[in-house]
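Colleague: okay, predicted coordinates and the sequence, questions at the end:
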Amino acid sequence: MENLPTRLTEWSEGSGCGCKIAPAILDQILSSSGSFSQIDPKLLVGNSGKDDAAVYQVSEDIAIINTVDFFTPIVDNPYDFGRIAAANAISDVYAMGGKPVFANAILSWPVEKLAPELAAKVMEGAKSICKTAGIELAGGHSIAAKDPIFGLSVNGIVHPRKIKTNKGAKAGDIIYLTKPLGIGVLATALKRQKIQDKDYLNLLDTACRLNSIGEIIGNHEEVHAMTDVTGFGLLGHLTEMCDAAKVSAEIILHKLPLIDGIQEYINQFIFPDNTYRNWNAYSAKTKGVVGMDLVKLCDPQTSGGLMLAVDPENQKWFEDAMKQQNQVIWEIGKFKEKGEFVVEVN
């Protein structure tokens with residue numbers, strides 16, 4: 001891995017989606033501000049369901065998706081930072097089953113301490129991902145501030161009857177993931193200058209990969225619910241799906257896909273501090289987690305994969321369809337009738 005004169009990760013206490021405000025505090029903010037109270041009938045998806053993006057209906061056949069996502073540096077290379085931030089933001093549109101159409105940039109930069117050329121590299125990386133997604137980086141807004149922050153506001157479109165939310169899971173549905181876990185662990189290894197070159201490449205390969213399969217999945221009603229796994233970890237986003245659908249879930253621990261090499265770092269206690277924040281937020285609703293297995297479940301992901309609830313009667317169709325799209329998937333468990341615990345780990 002290259003040695004850079006400026007390490008962007010030195011400018012962030014957290015990194016990537018690990019910067020998210022803790023779930024309980026976020027709920028307090030939204031509840032106190034009245035953000036859950038939304039009455040416009042054309043606002044099809046808002047804050048109330050803790051979904052990935054807002055969706056507003058503009059005609060019988062078209063609804064607009066809008067999302068905004070930004071964070072402090074997760075890697076030191078500014079071009080890679082831009083790529084990861086862009087892929088992460090665009091993912092929210094895919095998670096709703098939609099098609100991204102254009103994006104605007106959000107940039108905070110300490111211009112007196114970090115060269116503007118580095119910010120230009122961040123923008124260049126973001127543009128490269130937008131090009132891959134087939135959209136324009138159309139504009140944006142920037143401020144001079146003490147912390148480097150970058151992200152996108154992304155607009156997309158979807159048919160109102162094809163919106164995928166996080167609340168449609170049904171008892172018996174099979175749970176799938178489209179990316180392996182461990183991005184937070186590898187980002188922490190990088191920040192502590194412990195990461196090996198091959199593992200850095202694995203980090204980039206996973207975090208820069210677009211979740212474009214979500215747009216295709218949006219066309220299939222056999223997929224009952226969808227979300228992407230980001231800063232609250234697998235356990236957090238699965239809990240949100242369960243709470244929204246009033247069901248529970250069973251996860252098979254040995255089936256969880258992990259990025260190659262992360263167990264070595266976990267064994268050295270190299271993982272984000274916010275892993276514990278996530279565990280503290282969701283542990284009371286969880287059964288069966290032993291020892292350091294909580295890291296795999298609570299590792300904050302940045303530009304993580306999609307998590308899907310699929311009708312079990314259509315399992316073969318779904319798996320065949322994913323093969324045809326060259327999309328790797330992992331079956332990790334199932335939803336079941338609501339029980340004493342929201343998530344059980346076996």
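Modeller: Cool, the structure landed.

Colleague: residues in contact with A138?
Modeller: Residues in contact with A138 (Cβ atoms under 8 Å, 6 or more residues apart in numbering) are 102-104. To be clear about C-beta, it is placed using only N, CA and C from the backbone, and glycine gets the same treatment.

Colleague: how close does it sit to S212?
Modeller: 19 Å (Cβ to Cβ, to the nearest Å).

Colleague: give the buried subset of the contacts of A138 as a PyMOL selection command.
Modeller: Command for PyMOL that selects the buried part of the contacts of A138, burial taken from 16 or more other Cβ atoms under 10 Å:
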select buried, resi 103+104
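
Colleague: closest to N278 among the contacts of A138?
Modeller: A103 (27.8 Å; Cβ to Cβ).

Colleague: beta-bridge partners for the closest one, please?
Modeller: On the basis of DSSP bridges, A103 is bridged to L137, V154.

Colleague: where's it relative to G134, distance?
Modeller: From A103 to G134 the distance is 11 Å (Cβ to Cβ).

Colleague: if we can go back for a sec, of the contacts of A138, closest to P110?
Modeller: N104 (21.3 Å).

Colleague: residue contacts, that closest one?
Modeller: Here N104 is in contact with 137-141, 152-153 (criterion: Cβ under 8 Å, 6+ apart).

Colleague: now the contacts of A138 as a markdown table including distance to A321?
Modeller: What follows is those, written out as a markdown table (distance: Cβ to Cβ, whole Å):
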| residue | distance to A321 |
| --- | --- |
| F102 | 28 |
| A103 | 28 |
| N104 | 33 |
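
Colleague: Throw the contacts of A138 into CSV and include pLDDT and distance to T188, thanks.
Modeller: As requested, the contacts of A138 are exported to CSV (pLDDT from 0 to 100; distance: Cβ to Cβ, whole Å):
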residue, pLDDT, distance to T188
F102, 98, 33
A103, 98, 28
N104, 98, 30
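
Colleague: for the protein, name the helix or strand with the lowest mean pLDDT.
Modeller: helix 23-33 (a mean of 65; mean pLDDT, DSSP states H and E).

Colleague: contact partners of the next helix or strand after that helix?
Modeller: As assigned by DSSP states H and E, the chain's next helix or strand after helix 23-33 is strand 43-45. The contact list for strand 43-45, computed with Cβ under 8 Å, 6+ apart, reads 51, 53-57, 63, 96, 160, 163, 165.

Colleague: which of those fall within strands?
Modeller: Under the assignment DSSP state E, the contacts of strand 43-45 contribute 54-57, 63 to strands.

Colleague: can you select the buried ones from those residues in ChimeraX?
Modeller: To isolate the buried members of these in ChimeraX, using 16+ other Cβ under 10 Å:
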select :54,55,56,57,63
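
Colleague: so which residues of the stretch 151-300 of the chain form helices?
Modeller: Residue ranges of the helices in the stretch 151-300 of the chain, as given by DSSP state H, counting those that start in this stretch, are 183-191, 197-207, 213-217, 233-245, 262-267, 274-282, 293-298.

Colleague: pick the most buried one from those helices.
Modeller: Most buried of the helices of the stretch 151-300 of the chain by mean neighbour count (mean count of other Cβ atoms under 10 Å) is helix 183-191; its value is a mean of 27.

Colleague: from what I can see I195 touches G182, true?
Modeller: No: assessed by Cβ atoms under 8 Å, I195 is found out of contact with G182, at 11.7 Å.

Colleague: these two: who's more crowded?
Modeller: G182 (29 against 22; other Cβ atoms under 10 Å).

Colleague: from N88, how far out is that one?
Modeller: Here G182 is placed at a distance of 15 Å from N88 (Cβ to Cβ).

Colleague: and what of K285?
Modeller: In terms of Cβ to Cβ, K285 sits 26 Å off from N88.

Colleague: the more surrounded of those two?
Modeller: Remark: of K285 and N88, N88 carries more neighbours, 29 against 15, as counted by other Cβ under 10 Å.

Colleague: off-centre distance for stretch 116-123?
Modeller: Using Cα atoms, centre = their mean, to the nearest Å, the mean C-alpha position of stretch 116-123 is found 24 Å from that of the whole chain.

Colleague: next, the buried residues of that stretch.
Modeller: In stretch 116-123, counting by 16+ other Cβ under 10 Å, buried: 118-119, 121-123.

Colleague: out of those, which are inside helices?
Modeller: 118-119, 121-123 (DSSP state H).

Colleague: dump those to CSV, plus distance to E112 and pLDDT.
Modeller: Shown next, in CSV, are these (distance: Cβ to Cβ, whole Å; pLDDT from 0 to 100):
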residue, distance to E112, pLDDT
L118, 13, 96
A119, 12, 96
K121, 18, 97
V122, 17, 97
M123, 19, 97
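
Colleague: what's the farthest-apart pair in the residues you listed?
Modeller: Spanning the widest gap among these are L118 and M123, at 10.0 Å by Cβ to Cβ.

Colleague: thinking again about what came up before, looking at the contacts of strand 43-45, spot the one nearest C130.
Modeller: The closest of the contacts of strand 43-45 to C130 turns out to be A53 (Cβ to Cβ; 16.6 Å).
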